[in-house]
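Engineer: please work out how this folds:
(one chain, ligands or ions: 2)
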Amino acid sequence: MPGGDHAARLAALQHEARTAGIDAVLVAPGPDLRYLVGYDAVPLERLTCLVVPAAGDPVLVAPRLEVLAAQASPVGSLGLAVLPWGELDDPYSVVASVVPGALSVALDNHMWAEKVLALRDAMPAVEQVLAGPLIARQRMRKDAAEVEALIAAGAAIDRVHEAVPGLLRPGRTEREVGADIADLIIDVGHVRVDFVIVGSGPNGASPHHEVSDRILERGDVVVVDIGGTMPDGYRSDCTRTYAIGEAPEGFAARYEALQQAQAAAVAHARPGVTCESVDGAARVVLEAAGMGDLFIHRTGHGIGLETHEEPYIVSGNTLVLETGMAFSVEPGFYVEGSYGARIEDIVIATEGGVTVANNRPRDLVVA
Ligand code: ZN
Ligand code: ZN
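Structural biologist: Ligands and ions are numbered 1, 2, ... in the order given. Below you'll find the model as predicted:
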């Protein structure tokens, strides 16, 4: 299982908190909690909060009725103290009592606003800041087990793409194809379908189109961008572009430039280069082909326990890639009213280059 080393992750977070001069980090159910202690808690109206003081032992404050579930997770084997609260207790003052002298706390970016404000009321003199920067630094650099998990997720979604050409038949709707794809995403080993984009013809020109009742026709270009969550929490995300019969005139030349752009960005990516330079490596190719204004989004995003997380592969992000950083490389081009195209692979920075988690052919697939 990825992320066995929760004690080391908590210690690293405490180090980050001390360096930043933060007295405690408060983590709600969500990807940060799962990353730090392996507890995949459901976000509920009742407060569950991991309290990580800059020095001293972390404590999980949890509703009494959730304690067994928490202890059945890696929280139990970690030896983490669980402080239960009863139905009539005020859980926010319980959190405050764990860090009585705190002057500043960092709150997990995903904590619900109602909990943030209740904590402010319970700890009125305490400064609240975001914990994202403290946690992202380690979450961005995947360890060996996490890299394996992302490669397994990539192999699973590749199997779905392998079946897509057989689903893209003229006369079917995007919605029908999307439902088949969703079933396949589960069949290949995911526990959840995160998104299914089947953008046919003009719908492909909208990068975040999902599915519609549009009927597939011969001559359509179809963008299929799909992803799900594996049992260990790690995500897949992969795009391929298909043509039903012959693609419209002029499409093939543009698609060839896209392939070159995507390959150039993957070839450029390695530890030591900036995120923005990876974006630039793709963009310069499309600009040279006169398609710069058709590439309307960033080149990629980090991926792990969330589909979109740091690092973002975008102009202006001067973060330098390090070994273990995992992200998508997904340039595209979009022609309003006609079609779109995108090629997306997940890659993981490794010594001197990247490991590519998606390995289906990147040529235009004619269905
Ligand atoms: Zn995608
Ligand atoms: Zn993506």
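Engineer: spatially nearest residue to the residue positioned nearest the centre of the chain, not counting backbone neighbours?
Structural biologist: Nearest to the geometric centre of the chain sits residue 307, at 1.8 Å (Cα atoms, centre = their mean). Leaving out its chain neighbours, the residue that sits closest to residue 307 by Cβ to Cβ, 6 or more residues apart in numbering is residue 235, at 4.8 Å. Bear in mind the C-beta positions are built from the backbone N, C-alpha and C, glycine included.
Engineer: the residue nearest to the centre of the chain should be in a helix, yeah?
Structural biologist: No. Applying DSSP: H, G, I helix; E, B strand; the rest coil, one finds residue 307 to be coil, outside a helix.
Engineer: tell me what the residue nearest to residue 307 is bridged to.
Structural biologist: Beta-bridge partners for residue 235, by DSSP bridges, are residue 229.
Engineer: and it, how many neighbours?
Structural biologist: 26 (other Cβ atoms under 10 Å).
Engineer: against ligand 1, how distant is it?
Structural biologist: Using Cβ to the ion, to the nearest Å, residue 235 is found at 10 Å from ligand 1.
Engineer: how far away is the residue in the stretch 251-367 of the chain positioned nearest to ligand 1 from residue 22?
Structural biologist: The stretch 251-367 of the chain approaches ligand 1 most closely through residue 344 (4.9 Å), counting by Cβ to the ion. As judged by Cβ to Cβ, to the nearest Å, residue 344 and residue 22 stand 36 Å apart.
Engineer: go on, residue 239?
Structural biologist: Residue 239 is 39 Å from residue 22, where distance means Cβ to Cβ.
Engineer: tally of neighbours for the nearest residue to residue 168 once chain neighbours are set aside?
Structural biologist: Leaving aside its sequence neighbours, residue 168 sits nearest to residue 367 (Cβ to Cβ, 6+ apart; 4.0 Å). Counted with other Cβ under 10 Å, the neighbours of residue 367 add up to 16.
Engineer: so what's the residue of the stretch 51-200 of the chain found nearest ligand 2 bridging to?
Structural biologist: Nearest residue of the stretch 51-200 of the chain to ligand 2 (Cβ to the ion) works out as residue 195 at 9.2 Å. The partner list for residue 195 in beta bridges (DSSP bridges) reads residue 227.
Engineer: surely it is in contact with residue 229?
Structural biologist: No. The pair residue 195 and residue 229 fails to qualify as a contact (Cβ atoms under 8 Å) at a distance of 10.7 Å.
Engineer: got the contact list for the residue of the stretch 151-300 of the chain found nearest ligand 2?
Structural biologist: Closest to ligand 2 within the stretch 151-300 of the chain is residue 237: 4.2 Å, counting by Cβ to the ion. Listed by Cβ atoms under 8 Å, 6 or more residues apart in numbering, the contact set of residue 237 reads 157, 194, 225, 226, 227, 303, 307, 328, 344, 346.
Engineer: kindly state the domain boundaries assigned to this protein.
Structural biologist: The chain breaks down into these domains under automatic domain parsing: 6-138, 144-366.
Engineer: name the element residue 96 belongs to?
Structural biologist: Assessed by DSSP states H and E, residue 96 sits inside helix 91-98.
Engineer: scratch that, residue 310
Structural biologist: Counting by DSSP H and E, residue 310 is part of strand 309-313.
Engineer: roughly how far is the helix or strand just after that strand from the heart of the chain?
Structural biologist: In the C-terminal direction, the helix or strand that comes right after strand 309-313 (DSSP H and E) is strand 326-329. Put simply, strand 326-329 sits 9 Å off its chain's centre (Cα atoms, centre = their mean, to the nearest Å).
Engineer: let me see the contact set for residue 317.
Structural biologist: Contacts of residue 317 (Cβ under 8 Å, 6+ apart): 274, 275, 276, 279, 311.
Engineer: from residue 102, how far off is it?
Structural biologist: 32 Å.
Engineer: residue 213 now?
Structural biologist: 54 Å.
Engineer: looking at the protein, which residue lies furthest from center?
Structural biologist: Distance from the C-alpha centroid of the chain, by Cα atoms, centre = their mean, peaks at residue 88 (37.1 Å).
Engineer: near ligand 1, which residues of the chain?
Structural biologist: 225, 237, 239, 344 (Cβ under 5 Å from the ion).
Engineer: just checking, what packs against the helix or strand containing the first one?
Structural biologist: Assignment of secondary structure by DSSP H and E places residue 225 within strand 221-229. Packed against strand 221-229 by the contact rule (3 or more Cβ pairs under 8 Å, 6 or more residues apart in numbering; DSSP states H and E) you find helix 144-167, helix 174-187, strand 192-200, strand 238-243, strand 339-342.
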